[in-house]
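Chemist: this one's sequence-less:
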Ligand SMILES: Cc1cc2nc3c(=O)[nH]c(=O)nc-3n(C[C@H](O)[C@H](O)[C@H](O)COP(=O)(O)O)c2cc1C
């Protein structure tokens, strides 16, 4: 079975460092077991996550994520088959949102919904080329 890549956006609910640490720990433990890799971009107003792995496993993981009460307004932005993963070494890379993304004002006005697939994917492609700022 080919790997797939799924990208979604959501809004954190009750966001703080402790909650984020809990999410990352759980994500990394599960993903290591399930052969999933990816990256989670976080900001107070935004989660943007890429999941990569076998289609069935990514689909079931995303189904659990959809039900999670630590975020709201989950929107699946992209699902594509891939030949190569962007984050093969990461059970879940974490990055604070960078300056080249949308401002909170732009997000509030629906910038993510208007972005093209290539723009969304480009965010993760750029991220994959950067050295990680923190774990
Ligand atoms: C923003 C966000 C990202 C998450 N990322 C993952 C993930 O990559 N993999 C995963 O298994 N669970 C992830 N979760 C947690 C799932 O929603 C769910 O709580 C978890 O998979 C349940 O697994 P458990 O029954 O093994 O504890 C994430 C949750 C949130 C809110």
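Modeler: Right, received. Where do you want to start? In this text, all values refer to a predicted model and were calculated from it rather than measured experimentally.

Chemist: just the helices in the chain please.
Modeler: For the chain, the helices defined by DSSP state H cover 17-34, 55-66, 104-108, 111-114, 117-129.

Chemist: Specify the stretch among these that is closest to the ligand.
Modeler: Closest approach to the ligand among the helices of the chain (Cβ to the nearest ligand atom): helix 17-34, 3.1 Å. To be clear about C-beta, it is placed using only N, CA and C from the backbone, and glycine gets the same treatment.

Chemist: Report all helices and strands that that closest one contacts.
Modeler: Here helix 17-34 touches strand 37-43, helix 55-66, going by 3 or more Cβ pairs under 8 Å, 6 or more residues apart in numbering; DSSP states H and E.

Chemist: now what about it, what contacts it?
Modeler: Here helix 17-34 makes contact (Cβ atoms under 8 Å, 6 or more residues apart in numbering) with 12, 36-38, 40, 42, 53, 57, 61, 70, 91-92, 94.

Chemist: before we move on, what about stretch 102-110?
Modeler: Stretch 102-110 is contacted from outside by 43-46, 111-112, using Cβ under 8 Å, 6+ apart.

Chemist: Make CSV out of the contacts of helix 17-34 and add pLDDT and distance to the ligand.
Modeler: CSV is the format used below for the contacts of helix 17-34 (pLDDT from 0 to 100; distance: Cβ to the nearest ligand atom, whole Å):
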residue, pLDDT, distance to the ligand
12, 96, 7
36, 98, 6
37, 98, 9
38, 98, 6
40, 96, 6
42, 92, 8
53, 98, 10
57, 97, 9
61, 98, 5
70, 97, 4
91, 97, 8
92, 96, 5
94, 93, 10
